[in-house]
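In: for reference, the sequence and a predicted model appear below.
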Amino acid sequence: MTVTIYHNPACGTSRNTLAMIRQSGETPIVVEYLNEPPDRERLVALIRAMDMPVRALLREKGTPYAELGLADPAWSDDALLDFMLEHPILINRPIVETPKGTRLCRPSERVLEILPNPHFGRFTKEDGEVIETGEGERK
């Protein structure tokens, strides 16, 4: 079974999501997408798999979103994809793919919806918030 996370190690939500994946017993493929951005075909496939509009994947905070004028609804999906490919920081994260689905995991516990073993007990986020996933089989 393959789990892939498009990860930014500087992002707490992404770090929490990765830690939950690992605590569930999975050894994910970690793609640091700022260093290894997906190509256009892969990005489009991820967006389709998440069943979300292209615009919904745009990240505003800490990105050139405002200076590029991306709030303007006149930008086409193709143009928004071009911006994300040119500036991968505009791609919101973390995105996780498993055989059970693909999700933008914000908040990080959204990953539980698609993990093969989502019931791995207690998880404590970096900020101290505790997530109870229920007891399950540990790998």
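Out: Okay, I see it.

In: does the residue lying farthest from the centre of the chain count as helix, strand or coil?
Out: In the chain, counting by C-alpha atoms, centre = their mean, Ala74 sits farthest out from the average C-alpha position, at 25.9 Å. In three-state terms, and counting by DSSP: H, G, I helix; E, B strand; the rest coil, Ala74 is coil.

In: residues in contact with it?
Out: By C-beta atoms under 8 Å, 6 or more residues apart in numbering, the contact set of Ala74 is empty. For glycine as for every other residue, the C-beta is placed from the backbone atoms N, C-alpha and C.

In: what distance do you get for it to Arg55?
Out: 12 Å (C-beta to C-beta, to the nearest Å).

In: give me the helices and strands touching the strand or helix carrying Asp78, please.
Out: Element membership for Asp78 (DSSP states H and E) is helix 77-86. Applying 3 or more C-beta pairs under 8 Å, 6 or more residues apart in numbering; DSSP states H and E, one finds that helix 77-86 makes contact with helix 40-50.

In: could you check the angle the helix it packs on makes with helix 77-86?
Out: 110 degrees (axes from the mean of the first three to the mean of the last three C-alpha atoms, to 10 degrees).
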